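# Predicted model, plus sequence, below.
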Amino acid sequence: MRSSSEQFFKSSPLVVIAAALLLLMITGAVLGPVFSPWDGEAMDFEALEAPPSFSHWFGTDLVGRDLFVRTMQGARVSFLVAFIAVTVSLAIGIPWGAAAGLAGGRVDQLMMRIVDGLYCLPGILIVILLVVLFGRNPYLLFAALGAISWLTIARIVRGQTLRLRNAPFIEAARAMGLSTPYILRKHVIPNVIGPVIVYTTLAIPAVILAESFISFLGLGIAEPQTSWGVLVSDGTAAMESSPWLLVFPALCLGITVWSFNTLGDRLRDHLDRREHIN
Amino acid sequence: MTRYILKRLVFAVVTLFVIITVVFFLLRLAPGGPFDGERRLPPEIEANLKAAYNLDAPLFLQYGRFMVNLVQGDLGPSFTQKDFDVNALIRAGLPVSLRLGLGALVCALLLGLSIGIVAGLKPGGLLDTLLMAVSNLNIAVPTIVAAPLMVLLFSVTLSWFPGGGADTWWHFVLPALALGLPLSAEIARIMRGGIAETNLEPFVKTAKAKGLKSPRIVFRHLLPAASIPLLSFLGPAMAGLLTGSVVAEQIFDLPGIGRYYVQGALNRDYTLVMGVTIVYSFAILSFNLLVDVAYGLIDPRIRIAQT
Amino acid sequence: MSQTLLSKWTRPALAGLLGLLLLSSFLLPYTVTADEGVLTIGNAGEPQTLDPHRYNLRLEETLLNDLFLGLTTFNAAGEIVPGAAQSWQTSEDGLTWTFKLRDNLKWSDGQPLTANDFVYASQRLQNPATAASLAYFMYMVKNAPEVNRGELPVSALGVSAPDAQTFVIELSQPYPYLLERLLYPTAFPVPEHVIETHGDNWVKPANWVSNGAYTLADWQPQAFVAMQANPHFYESVSIANVRYLPVVNEQSAYNRFRNNELHVIGSFPVGELARVKANYPDELHLSDLLSMMYLVFNTEKAPFNDTRVRQALSLAIDQDILTDKVLRSGNKPAYSFVPDLIADYQTTPLLHIGKARAERLQQARELLASAGYNNSNPLKITLRHVSGVEGKKVNLAITGMWRQIGVVANLQQAELRNHFADLRQGDFDVAWAGWVGENNAEHYLTLLQSDIGNVNYGRFADARFDDMIKTAQQLSSAKQRNQQLAAAEAYVVDAYAVVPLYTVSVRRLVSQKISGWQNNLRDVHQIRYLSWSD
């Protein structure tokens, strides 16, 4: 296992770069606000839309709040959105896929038919409709984003389970009279964990982007809370007069999304190659 | 094969019906109404309006009436665009949205396929690393950032393209590019995987052994086989295009139907949102039906497995 | 099998698509500049209707002012001048208004336009079947509310045409501002002969008939509304073809103006003002709009039913900071609920205007303390506002000012229509509101009348104030009426029902290809007063 992760980090310089950038972002989100002397909500009416300087590292926003602190607070919310949404999607996707795979036959057919049907629908548009109609509750938003992204996970888990179902060691477990949940926990889940990690890595940037998309339509997190999506869409509205309002949040968001995608891609390559070797 | 298609067709019709019903009741359950304007609305006037639009009937009766009209192809009057019915609005907006979507798809395919093929031929190489890093940037820069920047650069500064509107094909270049870029990265990713995998297949090795030239191998042997996973991505890609068009139409002032979706929902324009939802669902479902059929035609295993 | 099938169609199909795209872009060359000879204007959004009796939005008024001509109208400076009527008389008691129409008025199809058309239009507006959302604009006409509720037939409405050139309006009580109210599209004539033939379809470009300087040539939803000069209008116009484009986004309008796609735009991003002043000094038109942006308290809801709380929150807000530092877009700070732009009227400013900020904050803290709020038990508020850059800026800044007196405020934003719908239903604590009004104080002050309806968002009720307004409304002399209204405003100022913030400043860009543009308080600019520069 150890040698495998070493191999992974040595496989491409991109992996190291992406991992380092990601670590930087997460550290910033956790510690950034602590280190800055500014409070994210205090407004300085003498320094509205001030460009970056030694006192305000990223400049200040439309009402004179420190943009560095805002961006880091936004990072927390964006990571939180991603975390909750991905958790929700795993919580639905894994049991669904495993159940379909284990059950097989007509039940499997029906369950996967539902997944196929939902797969084609533009999930974000449904989230938009929900948010527009029932108000801008952040938890509704998080949960809805999770509820639309469990499909891929369900497919992968089902595929893996199906393959495992007929594997000799599972049949042996069955013959020993072990219960289905036990088999799931002991044998199926450890075996699907690899692909699930890959898709989690790829799902996080997708959720972060979806959140920015929804914020652009004015349906995101409400002030005084903020997120990268809100900051970026506010930034685009002032991109000529105060470009730093767009540059810094967009850079943070872009770096994070890029790093996650790169890691996810490489991780998948890595797992594929291991499988080939095995 | 006919039975397979028929089954899919029935499934599509049922899905469409479920979507329509769910969205209908979702809209009506939501607070607010279509007649709220920027000026005040005395109760007697609201009563006049409700009577004029049949909103004073019981909900189930309204649903029944809506479905009956829908079967006859009538989506009803728009609540906010009072001088048009929904059919007319969609007739005017759909061509614009289609052109945008098609343009974006062409952009995405051209870019995605070429990057994916080149990168997949030598996975792990310098070119692969470089191309995929750049391609991942296309996803990392969200449309809401890329699109305004493109307008600022190509229309305001350079004056090469118009900043909005849909009068000529030139008007679609920037929006199609903005919408297609993130999609091209997904396509490149899938294509790269497909090419890399197919490259290891015996028949490719045979072809190489026979001394075929590389472009010929790529186009004759690699591309077709590697494109199959792409086919299954087209469904979600279509959904992604629709989603993206909502934002692209707003940024580029395109008079498509995507703008009606959010605006209509905000304004509680029940019939207009229903109309756009139906068009979207119909487009997606029939597109997926086509993909399924194509799949069935190409891959005999699926045909057997599904019947 | 798979390989042959795919390879057979993928390449030619892809090549074909690409070729088609390239070919068509060459076939249809793009010209960057707006079409020669067509005035292209960016309007704030898509009109929802061009039926003057069913309209609701200000952006529709812009178009309707070009398409129709009411009894009175504006000149280029925004002043009220004779329109379809050439003169008028008022009876001694102020209840009967007699209008003499111009000679030889015609519809755009050449049919004569008579006083009967105005009678028909007035009746159509109040007819419940028309479902006119702004029918109440003309509720001062005798029997109008009863007709609109369906209690009386339309024939009972107080309008008549003694002869083809004379139109008479009877009022239920004096209304000296009638000439101003007639400027709104609700008082425009509509062609009975066309409506009788085409029904609701009379608004389609193919059937369109109107009496303004322009007629409707085409309307592509969300793309443009095209107008052309009306050959039967009594004056000739300089600009023959006009296109109004719905450009909702300020940044987009600004981009397209700079790219020469639009001749006139209604607004551009606030932050760009300094740059515009430097780069487009001749194109920039900054002008005050007769309007009031204010905060309204929900006086039915605790703790906002407590005058001390309202006063404290009002004290903490500094209008000058909002306009000079936060907005920086030429908006004027407002110290009184009635804008001081209104003619012949003496406003009453808030009592604490002029006091030092520190002193105001101190007083506010004391008031809050006496109402039971302090640092361990802070007052918590949700402030509602309309989404958009300006709304966000202003309201965020207000929450920042409230923080200075220990108030914890959260923002809740909503789209314009939903915002005002919620306000009308009283679903808020404190909310940002705006009123683009007429050039008379009554239009603002009646918003605080207890029986005005749900447009009194805060449900403010004061019997003495109501009486004072009612007394004013019995007066037919505008001067006496204004004095009585001013007294009512002075009486109500210490109730702190609302916090005036600022009057709007309109930031327009007008291409130098256009001449004749005059800034005015109502921001109305009929195309017939404009011409191409040489």
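Done, it's in.

# Residue numbers of chain C in contact with chain A?
Within reach of chain A by CB under 8 Å from any CB of the partner chain, chain C has these residues: C:251, C:269, C:271-272, C:274-275, C:321, C:325-326, C:387, C:389, C:392-393, C:396-397, C:399-400, C:403, C:410-413, C:415. (Each C-beta comes from the backbone N, C-alpha and C, glycine too.)

# What subset of these is buried?
Neighbour-count burial (16 or more other CB atoms under 10 Å in any protein chain shown) is assigned, among these, to C:251, C:269, C:271-272, C:321, C:325-326, C:387, C:389, C:392-393, C:396-397, C:399-400, C:403, C:411-413, C:415.

# Please narrow those to those residing in strands.
Secondary structure assignment by DSSP state E places C:Leu411, C:Gln412, C:Gln413 of these in strands.

# Return the residues in contact with the residue nearest to the last one when sequence neighbours are not counted.
The reference is to C:Gln413. In space, not counting the residues next to it along the chain, C:Gln413 is nearest to C:Ser387; the distance is 4.3 Å by CB to CB, 6 or more residues apart in numbering or on different chains. Listed by CB atoms under 8 Å, 6 or more residues apart in numbering or on different chains, the contact set of C:Ser387 reads A:Gly218, C:Gln413, C:Ala414, C:Glu415, C:Leu416.

# and the third one, how many neighbours?
As a burial measure, the neighbour count of C:Ala414 was computed by other CB atoms under 10 Å in any protein chain shown and equals 23.

# which one is B:Ile187 nearest to, not counting chain neighbours?
Nearest residue to B:Ile187 in three dimensions, chain neighbours excluded: B:Gly112, at 2.7 Å (CB to CB, 6+ apart).

# contacting residues around the one you found?
Residues counted as contacts of B:Gly112 (CB under 8 Å, 6+ apart) are B:Ser135, B:Leu183, B:Ser184, B:Ala185, B:Glu186, B:Ile187, B:Ala188, B:Met191.

# out of the residues you listed, who's nearest C:Arg365?
Out of the contacts of B:Gly112, the one with the shortest distance to C:Arg365 is B:Ala185. That distance is 55.7 Å, counting by CB to CB.

# can you pull the pLDDT of the closest residue to B:Ala52 other than its chain neighbours?
Taking CB to CB, 6+ apart as the measure, B:Ala52 lies nearest to C:Ala131, with 4.1 Å between them; neighbours along the chain are not counted. Per-residue confidence for C:Ala131 comes out at a pLDDT of 83.

# pLDDT below threshold where in the chain?
Reading this off chain A. A:1-5, A:10-11, A:120-121, A:135-136, A:188, A:273-278 (pLDDT under 70).

# if you could check chain B rather than the one you did, that'd help
Regions of chain B meeting the criterion pLDDT under 70 cover residues B:1, B:32, B:36-42, B:212-213, B:298-307.

# Outline the domain layout of it.
B:1-78+B:264-307, B:95-255 (automatic domain parsing).

# Just say which of these is most tucked in.
Mean neighbour count (mean count of other CB atoms under 10 Å in any protein chain shown) peaks for domain B:95-255 among the domains of chain B, with a mean of 20.

# gap between the two ends of that domain?
For domain B:95-255, the first-to-last residue distance is 9 Å (CA to CA, to the nearest Å).
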